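Q: Sequence and predicted model, in that order:
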Amino acid sequence: MIILQELVNLNFKGTILNRILMKSMICSDVHDHVGNLESALMVANTANCDSVIFCGDLCSPFMLSVYNSGCNLPLHMVFGNNDGDRFHMANKIQVLNIDRPEGRKLHLHGEFLLSEKGHSLEGIPEYIALAVYHYPEMARVIALSGKYNMVCCGHSHNSSIEKVNETILVNPGSLMGYVTGNVMQPVKPSCIIANWFTGELDLIEL
């Protein structure tokens, strides 16, 4: 269910004729919740997305197999603070990529994804300067640099879409479905669909 729809200015250069019809699903903090990840991947497939951006805390390496089985879209992910078994996550991606065709690979970018315009990220237009980092505080600092059209983050398990000067800062919320703290508070699992052609952002509750 779409609960918030924003039309944002991504500061494209050139006319609308130069843009590419592409969409990405942005998600974060699944914390090994298989069912919610599968539901989010159904959203990405149904929305005809071209890629998935994951902002950290997938958690266990086996979740990459869940992704691989449920989605043939290229994945761009960074580590979160709960991604403990990083060696086996990286190894798992190498193994899974053997059978995934070019243009649909799984990409583990480490702590940061920092891609300025002219990049070659699979499933994301090269005219979108994109940054992804798990922690919102540092993501805001990256947004303040003014180098990126969009900065994506996670960690807080709270969804948000805001403008930081000329950069869009987004947090898709949690696929886990809880806000952590002294007491676990349930929230609706959520993700964001970014339409790179129109600049439309849909915050979706699963």
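A: Good, I have the coordinates.

Q: Do you have the strands of the protein handy? List them.
A: 2-7, 23-27, 51-54, 75-77, 106-108, 112-115, 130-133, 150-152, 159-164, 167-172, 178-179, 185-186, 190-195, 200-205 (DSSP state E).

Q: elements contacting the fourth one?
A: Judged by 3 or more Cβ pairs under 8 Å, 6 or more residues apart in numbering; DSSP states H and E, strand 75-77 is in contact with strand 51-54, strand 106-108. Placement of C-beta: from N, CA and C, glycine included.

Q: So what touches the longest one?
A: This means strand 51-54. The contact list for strand 51-54, computed with Cβ atoms under 8 Å, 6 or more residues apart in numbering, reads 22, 24-28, 41, 44, 67, 71, 73-78, 121-124, 130, 132, 152.

Q: Just the buried ones among these, please.
A: Listed as buried from the contacts of strand 51-54 are 22, 24-28, 41, 44, 67, 71, 73-78, 121-124, 130, 132, 152; burial here means 16 or more other Cβ atoms under 10 Å.

Q: So which of the helices and strands packed on strand 75-77 is nearest Asn165?
A: Set against Asn165 and scored by Cβ to Cβ, these come closest in strand 51-54, at 21.4 Å.

Q: List the neighbouring strands of that closest one plus their orientation.
A: strand 23-27 (parallel), strand 75-77 (parallel) (DSSP bridges).

Q: Let me have these in JSON lines, adding distance to Met138 and mean pLDDT as columns.
A: Formatted as JSON lines, the strands paired with strand 51-54 follow (distance: least, Cβ to Cβ, whole Å; pLDDT from 0 to 100):
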{"stretch": "strand 23-27", "distance to Met138": "17", "mean pLDDT": "97"}
{"stretch": "strand 75-77", "distance to Met138": "17", "mean pLDDT": "98"}
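
Q: Reformat these as a markdown table; add distance to Asn195.
A: Putting those into a markdown table (distance: least, Cβ to Cβ, whole Å) gives the following:
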| stretch | distance to Asn195 |
| --- | --- |
| strand 23-27 | 5 |
| strand 75-77 | 17 |
